[in-house]
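[1] 3D, please:
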Amino acid sequence: MSEQVGITISNHFLQNQQLSPGATGSFTRLLQALVLACKIIQRDVGKAGLVDVLGRSGAINIQGEEVQKLDELANTTIKRRLSASGEVCALASEEEADVIEIPRQYPQGNYIVHFDPLDGSSNIDANVSIGTIFSIYRRLSPPDSESTNQDVLQPGIKQVGAGYIIYGSSCILVFSTGQGVNGFTLDPSIGEFLLSHPNIKTPRRGKIYSINEGNYTYWDEGTRNYINYIKEGYSEHGVHYTSRYIGSIVADFHRNLLYGGIFLYPADLKDPLKPQGKLRLMCEANPLAYIIEQAGGVASTGTERILDIEPTYIHQRVPLIIGSPDDVALYQEFLRRERTWPQA
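    Model prediction:
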């Protein structure tokens with residue numbers, strides 16, 4: 001990957017396309033469509049308080065959550081831009097129950113994109129950082145056929161690209177195509193993303209832990225013991241941890257990616273209907289796992305590598321433990337010692 005700080009994201013795409021003999025430019029066009037969608041969403045987020053796009057829409061999504069107005073705008077924007085690119089054969093959004101078929105007026109491409117159009121949307125009205133997460137797969141079915149479940153439900157290890165965009169004090173796009181991780185910051189004066197964080201590597205051990213401690217009583221014994229241990233001044237390696245939890249996974253993940261640390265959303269008994277965890281495998285856990293592994297980190301359910309999970313449906317949920325390798329390893333050690341649930 002190029003490490004020329006300040007290079008535009010378009011030139012970055014083209015430079016890396018030239019490194020792949022036989023490249024047709026279709027993957028580059030798909031990435032450019034994603035970038036355009038993100039610019040549009042950033043524009044809408046930036047003026048959210050000035051027009052009628054704040055607050056709830058009144059709809060309930062497939063996850064049983066209230067849909068924010070900006071959620072709808074972001075979802076529609078990404079669907080339209082990716083469909084019009086002519087490079088996708090199917091889309092899957094956190095906001096929609098079923099796989100999104102591409103309108104017949106557009107060519108059928110060779111890629112499938114899973115996306116969370118606006119992660120952290122419950123924080124929109126409070127002006128907290130929110131973001132988009134995306135995951136790209138290459139189709140397995142013949143190019144001239146209809147896309148299949150086999151195309152849509154591939155394990156994370158089969159991703160050909162993944163990333164996220166943070167809409168905050170600055171708009172940052174972080175992505176990987178399997179050759180390291182790079183971050184680009186939007187310069188609003190020229191409307192271009194410029195390389196600002198080349199070849200990101202996460203530290204082997206951090207000093208930050210990110211978890212919703214309001215769920216403490218619902219965790220298994222191993223998770224509670226781990227949190228108690230690091231809160232009590234764990235210093236075996238000279239590390240004293242600090243709690244940082246925003247509640248917007250892209251913001252929490254991005255901070256820990258750069259500074260080191262661990263983000264945890266373990267399985268819990270808060271909702272007996274969702275004991276397998278809250279976060280979605282296809283549009284949240286897999287893309288972030290792809291990014292962290294490319295940056296030298298680890299992503300796990302606590303017992304299994306995220307990227308190895310064989311998905312069974314598009315809205316499948318999993319526990320997610322992700323971050324610096326030594327921190328994740330320590331958590332897994334605690335989980336192996338004791339895996340019992342608290343008494344009801």
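[2] For this protein, just list every one of the helices.
    Counting by DSSP state H, the chain has these helices, from start to end: 9-17, 26-46, 69-85, 149-152, 221-231, 249-259, 286-294, 325-337.
[3] what about Arg305, distance to Leu335?
    In this structure, Arg305 and Leu335 are 14 Å apart, going by Cβ to Cβ, to the nearest Å. In short, each C-beta sits where N, CA and C put it, glycine included.
[4] For the two, indicate the residue with more neighbours.
    Leu335 (22 against 15; other Cβ atoms under 10 Å).
[5] Buried deepest among the helices of the chain, which one?
    Comparing these by mean neighbour count (mean count of other Cβ atoms under 10 Å), helix 286-294 ranks first with a mean of 26.
[6] That one to helix 249-259, inter-axis angle?
    0 degrees (axes from the mean of the first three to the mean of the last three Cα atoms, to 10 degrees).
[7] Give me the angle between helix 286-294 and helix 325-337.
    Relative orientation of helix 286-294 versus helix 325-337 (the same axes, to 10 degrees): 120 degrees.
[8] residues touching the closest residue to Asp252 other than its chain neighbours, list them.
    Excluding the flanking residues, the one nearest Asp252 by Cβ to Cβ, 6 or more residues apart in numbering is Ser210, at 4.5 Å. Ser210 sits next to Ser243, Arg244, Tyr245, Ile246, Asp252, Arg255, Asn256, Gly261, Ile262, Phe263, Leu264 when contact means Cβ atoms under 8 Å, 6 or more residues apart in numbering.
[9] So among those residues, which ones count as buried?
    Listed as buried from the contacts of Ser210 are Arg244, Tyr245, Ile246, Asp252, Arg255, Asn256, Gly261, Ile262, Phe263, Leu264; burial here means 16 or more other Cβ atoms under 10 Å.
[10] So what pairs up with the nearest residue to the first one once chain neighbours are set aside in the strands?
    The one in question is Arg244. Excluding the flanking residues, the one nearest Arg244 by Cβ to Cβ, 6+ apart is Ile208, at 5.0 Å. Beta-bridge partners of Ile208, counted by DSSP bridges, are Thr242.
[11] What residues does Ile208 make contact with?
    With contacts defined as Cβ under 8 Å, 6+ apart, Ile208 is in contact with Tyr241, Thr242, Ser243, Arg244, Arg255, Asn256, Tyr259, Gly260, Gly261, Ile262.
[12] before we move on, the earlier item: how near is the residue nearest to Asp252 to Ser129?
    Per Cβ to Cβ, Ser210 is found 14 Å from Ser129.
[13] Now for these two: what residues contact both?
    The contact lists of Ser210 and Ser129 share Ile246, where a contact means Cβ under 8 Å, 6+ apart.
[14] For Gly233, report the pLDDT, please.
    At Gly233, the pLDDT value in this model is 69.
[15] And for Leu31?
    pLDDT for Leu31: 92.
[16] How about Ser196?
    So Ser196 comes in at 94 (pLDDT).
[17] What count of nearby residues applies to the closest residue to it other than its chain neighbours?
    Spatial nearest neighbour of Ser196, excluding adjacent residues (Cβ to Cβ, 6+ apart): Thr185 at 4.1 Å. Neighbour count for Thr185, taken as other Cβ under 10 Å: 18.
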